[in-house]
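1. give me a 3D structure for the following:
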Amino acid sequence: LSAQVAHGFLAPQSTGGRPGFGFTHGIVREVAHSQLPRLQSRRLHGMAAAWIESHTGDDRASRLLELAHHWTEAGEDARAVACLLEESLRLFSQGFAVQAVQVGLRAMRAAGVEVPDGSDALGAAIGANMAAIEALTEGRHPTELLETLGPPSAELALRLHAILSTAPFAFQSNQFEVFAWASTAAMRLVIENGAGPPHAFSMYSIIKSALTGDRAGGAAWSRAALDLDAATGGGALPAVGFIDTWFHGHWRAPLHDSVAVNEAGARRALSDGDVQYASYNIAGGVNLAAALGRRLDRVIAKGAEALQ
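-> Presented below is the predicted three-dimensional model:
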């Protein structure tokens, strides 16, 4: 190392308060990297990622994108996607919803999803996905599709995880084209592969209602999601329950039924450490309780309790 420093290729550099070395210029780094055999490069990237993982403490958040880069170059796509989705959730929780979606789209690409670029491409992809879903279902009721579903492969599960984790952030940041594309893309993948999670049906139910005006048809996809979740252990209840109550249940069932679903979804999410959907369900339940005309002091107390 001392020789490389003397020749001006490396310089002392502190990262996260720890001493180390860094290249003096990006060109130097690229030249050095290009001379490495591919297998050796992957091994070194993996070693770098593993070292960062084991030595980061409170500064982990500042290194998630760096970790994702190293895991990608090491050929560890699942680990790269996990880091990108962690960073996306961190940004969203701090109020940077647009940036959260941008990082989420990177996670999709890292998972092998072809992401349309630009409004025109998104619009075309949404139309193509909707047409493919209609053709593949051949007029069958959504619940009929459940009979043929199996567990997804690791590759498919990774793609769906990246898409379905990012879609809510697109909705909340008013990037509705991205949300519509992500929801239809996930549903198309599920139908084409005969495998996937319940909340793919839920996300699609929102778009089915919004783009076609067929609210009953959209609700049927949401009902299928609830049925599939019940049949597979209830692990997706925080997502499928919230979507059903927020987008469909208020006109299809008594509001007090939806409050009960939100409360159950919040409990499941909290037990699973899913802060995102726990928050959605708690907020949904509080809003519906107020709409039911329940005593305002109790509604306020419920909301205040959740904030703790």
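2. now do the contacts for residue 244.
-> 202, 205, 219, 222-223, 225-226, 258, 261 (Cβ atoms under 8 Å, 6 or more residues apart in numbering). C-beta: built from backbone N, CA, C; applies to glycine.
3. that one: which element?
-> According to DSSP states H and E, residue 244 maps onto helix 237-244.
4. keeping just the C-alphas, turn that helix into CSV.
-> Provided in CSV are the C-alpha atoms of helix 237-244 (Å, rounded to 0.1, in the frame of the first residue of the first chain):
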residue,chain,number,x,y,z
LEU,A,237,-52.8,-9.9,5.8
PRO,A,238,-51.2,-6.5,6.6
ALA,A,239,-51.0,-5.7,2.9
VAL,A,240,-54.1,-7.4,1.5
GLY,A,241,-56.3,-6.4,4.5
PHE,A,242,-55.3,-2.8,4.3
ILE,A,243,-55.8,-2.6,0.5
ASP,A,244,-59.2,-4.2,0.8
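5. that helix: what's the following helix or strand?
-> Downstream of helix 237-244, the next assigned helix or strand under DSSP H and E is helix 250-252.
6. so how far is that following helix off the chain centroid?
-> Per Cα atoms, centre = their mean, to the nearest Å, the displacement of helix 250-252 from the mean C-alpha position of its chain is 27 Å.
7. now residue 207: how far from residue 52?
-> 39 Å (Cβ to Cβ, to the nearest Å).
8. then residue 63?
-> Relative to residue 52, and taking Cβ to Cβ, residue 63 is found at 6 Å.
9. of residue 207 and residue 52, who's got more company?
-> Applying other Cβ atoms under 10 Å to residue 207 and residue 52 shows that residue 207 carries more neighbours, namely 24 against 20.
10. part of a helix, is that one?
-> Yes: the assignment for residue 207 is a helix, going by DSSP: H, G, I helix; E, B strand; the rest coil.
11. what residues does the residue nearest to it when sequence neighbours are not counted make contact with?
-> Once flanking residues are discounted, residue 207 sits nearest to residue 183: 4.7 Å by Cβ to Cβ, 6 or more residues apart in numbering. Contacts were defined as Cβ under 8 Å, 6+ apart; by that measure residue 183 touches 167, 203-204, 206-207.
12. can you pull the contacts of the nearest residue to residue 195 once chain neighbours are set aside?
-> Nearest residue to residue 195 in three dimensions, chain neighbours excluded: residue 152, at 4.0 Å (Cβ to Cβ, 6+ apart). Neighbouring residues of residue 152 by Cβ under 8 Å, 6+ apart: 160, 193, 195-197.
13. alright, that wraps it up for me.
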